[in-house]
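[1] Predicted model and sequence below, questions to follow.
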Protein chains: 2
Amino acid sequence: MKHDQDFIKRQNRLTVFEMIKNHNPISRAMIAKQTGMSPTTVGRIVGELTEQGYILESEQVSEGLGRKSTLLGMVDASVITIGVELDRHEISVGVVDLQGNLVHSERHDRTVEETPAVTVQRIADVLNGMLNRNIVERKQIVGIGVGLPGIVNNDNGVVVFSVQLGWKNVQLGESLEKLTGLKVNVDNELKVKALAEQLKGSAIGSSRTALLGFGNGVGSALIVEGEIYRGEMNSAGEIGHTTVDPNGTLCECGKAGCLQSYITIPSLLQEANQIAPIQTVEELFAARDTGERWAIHLIDRALTYMAITVNNVVCMYNPDSVIFSGELADKFPDLYEEVKERCMSRFVWEPLQDSFRFVRSELNVAGVMIGSGLLAQTQFFKLD
Amino acid sequence: MKHDQDFIKRQNRLTVFEMIKNHNPISRAMIAKQTGMSPTTVGRIVGELTEQGYILESEQVSEGLGRKSTLLGMVDASVITIGVELDRHEISVGVVDLQGNLVHSERHDRTVEETPAVTVQRIADVLNGMLNRNIVERKQIVGIGVGLPGIVNNDNGVVVFSVQLGWKNVQLGESLEKLTGLKVNVDNELKVKALAEQLKGSAIGSSRTALLGFGNGVGSALIVEGEIYRGEMNSAGEIGHTTVDPNGTLCECGKAGCLQSYITIPSLLQEANQIAPIQTVEELFAARDTGERWAIHLIDRALTYMAITVNNVVCMYNPDSVIFSGELADKFPDLYEEVKERCMSRFVWEPLQDSFRFVRSELNVAGVMIGSGLLAQTQFFKLD
């Protein structure tokens, strides 16, 4: 199943690309030798990549017996992807280079009422603005990646369901492709963020990274050796509706005791409002710090469930690193230590306590843009 | 990381092997064409496999312009692996052919007190008995796979920890290799069973299979396109110590509310014994059927947690099939329908309810032997 011809073709192209990217400069013969591919196959792929302007022939070296061999290198500046992050209140657009650096980025406000059509138009406008100001050249851009909260069909770019954007079955990829003429890849924000953290952030060197996001929603993502584990419908890691208390409170989904009921910002605020008129999570934490026992209780319970989440993800995915991220992690830096302490003292199963690094997100707000850009890059070299 | 030379070499060998196995007969040229490998690489691998007696040249066909091409086929009977299942009370040894059929198997009693050294010797004795009776020829056997309950280091064949066998840091693979002179692969029983179910049993055609085992322990395994997802320490899927009730009863591991406390046979019997002297799980179910309310309560709660487990595994792995297996599933066939009904009516998150098939194990007691044999087969063609 994994070895059908089409799959192998795409994989071979990506392999050649990664060989040149990582062993820059390298000869055709060396690529063939190291991969076991035929010189013909290597030659064809190198020809395509050269013609498209992504690689170039640099110096000539002799390889014994007077034969000359040409070394190939990447035209670094030639390949740029656009990484977009969509959120309830913001549209962020970044320019990501071949090495995964965010070389430029812009944030623009967005209203909750904005329709998908308007949002797509605004992404295109931001991109056009960058082109007009010569921040990036049109011919450099090989694709656009978009990360957003919700369940996304990564194959066809349809946003199946996003509570936070209020979208359902939105053909985001197709619309944005029509407007920009560029290949678009749409994905869940935590999945691309986790990818970015493994390739460029807090989980460099990790083979199996689990990222946890605690904010307006709660979710996780698993990256196995540079690849996103998607599952059947790209909704692997949707831990918000795992049951963590069979006798727990009713969730909006109709089940009882779902994780999200104890841990997301909206759930915390809703429960707090039974006692006091609290508008923001900052007010909730401030109330805890002044000793309000209801606030102490709510936050204590949330921390317990965060530690339980770490344990459950560790037992199921057995990762070598777990990344603590999301709006709550970003806004309240002390949470990381508090959750870590709970994990180690009480909530993580002992045989697995030393099996993973527990780290903070390093890329923070840049993570989704970088990850979306990297995803678009990989897809480009696989699919073209 | 995924494209280092050694990895590619092993992968190429397996690819050629699978090409011949699945497109039997096939020519060298066709293998090269379909994989993009060089004729030299294909020729070298085919040469090795022929020399070792695993493939043979069959007929000659013309490929246009009068050129003749030789077709290659598998010598089916030439490759046999031995699949072993180790349990508290039994040693099962099976002969598995290239297609994953269990062509012969034997079960032998085992006492709980038996030391690892004795158990290893007995496996070798059973195998020798088969050789002496000409059930299998020595030269056909390319490896031994062993599946057992517990955490196993699949890289070096060490049983890190098995509560059920009472073993800790046992060098099972090495000992058995010394005694038999054969390559040995040791793994967790649910992982190999899941592999067998995806390749030969209830999950044929599935790309992402999650197997759940409910018995003396509770565990899960994930197979992604024919490959076991292992995680960092081969303990992915160890759901027994996921927390399902933060206010729950204390588990032997020192945490509260672990799944295994509500669902394994020993836990159920222990709790039942607070009320009545119950020795076996059959007695517990009989008590339920005669209307004993404590038995009704215990089994009802276990069913609820089984359904919760299905939900949690589905949310995290997003599989296309979930297999219900284990001693409880085997002994009480009605459980399958009862758990299924609970899953669909109350416990599985609605957006994912139609995303997977919920099926019974088909291979049952043969699953671990077949899976161990298939694992040994794959390892042989990768590593040799």
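    Right, received. Where do you want to start? As the structure is a prediction and not an experimental result, all values here were calculated from the model.
[2] When you work out contacts or count neighbours from here on, use the C-alpha atoms and nothing else.
    Fine.
[3] Could you check the angle the longest helix belonging to chain A makes with helix B:293-317?
    The helix that spans the most residues within chain A, counting by DSSP state H, is helix A:293-317. Computed by axes from the mean of the first three to the mean of the last three CA atoms, to 10 degrees, the angle separating helix A:293-317 from helix B:293-317 equals 80 degrees.
[4] what sits against residue A:177?
    A:183, A:184 (CA atoms under 8 Å, 6 or more residues apart in numbering or on different chains).
[5] returning to what we had before: identify all contacting residues around the longest helix of chain A.
    A:210, A:212, A:222, A:259, A:262-263, A:268, A:272, A:275, A:284-285, A:287-288, A:322, A:335, A:338-340, A:342-343, A:347-349, A:352, B:231, B:235-239, B:241-243, B:316.
[6] same thing but at 7 Å, please
    Identification of contacts with helix A:293-317 by CA atoms under 7 Å, 6 or more residues apart in numbering or on different chains yields A:262-263, A:284, A:287-288, A:339, A:342-343, A:347-349, B:231, B:236-239, B:242-243.
[7] So, low pLDDT: which residues of chain A?
    A:1-7, A:63-67, A:76-77, A:383-384 (pLDDT under 70).
[8] Residue in it with the shortest distance to chain B?
    Nearest residue of chain A to chain B, counting by CA to the nearest CA: residue A:38, 3.5 Å away.
[9] ok, for that residue, nearest residue in space, not its chain neighbours?
    Nearest non-adjacent residue to residue A:38, counting by CA to CA, 6 or more residues apart in numbering or on different chains: residue B:38, 3.5 Å away.
[10] my guess is the one you found meets residue A:35, correct?
    No - using CA atoms under 7 Å, residue B:38 is not in contact with residue A:35, being 9.7 Å away.
[11] and residue A:58, what are its phi and psi?
    phi -100, psi -120 (degrees, to the nearest 10).
[12] Look up how far residue A:73 lies from it.
    Using CA to CA, to the nearest Å, residue A:58 is found at 6 Å from residue A:73.
[13] What's the separation between residue A:178 and residue A:122?
    14 Å.
[14] Neighbour count: those two, which is higher?
    residue A:122 (15 against 11; other CA atoms under 10 Å in any protein chain shown).
[15] Specify the local secondary structure of the more buried one.
    On the three-state scheme (DSSP: H, G, I helix; E, B strand; the rest coil), residue A:122 is labelled helix.
[16] cool, the one 3 residues further on as well?
    Of the three states, residue A:125 takes helix according to three-state DSSP.
[17] So which residues on the stretch 101-250 of chain A come close to chain B?
    Taking CA under 7 Å from any CA of the partner chain as the contact definition, the stretch 101-250 of chain A meets chain B at A:208, A:231-233, A:235-239, A:241-246.
[18] Inside strands: which ones of those residues?
    Among those, the ones falling in strands (DSSP state E) are residue A:208.
[19] Please give me every residue in contact with the residue of chain A closest to chain B.
    A:32, B:36, B:37, B:38, B:39.
[20] how many neighbours does the residue nearest to residue A:79 when sequence neighbours are not counted have?
    Residue nearest to residue A:79 in three dimensions, not counting chain neighbours: residue A:140, with 5.2 Å by CA to CA, 6+ apart. A count of nearby residues for residue A:140, using other CA under 10 Å, gives 16.
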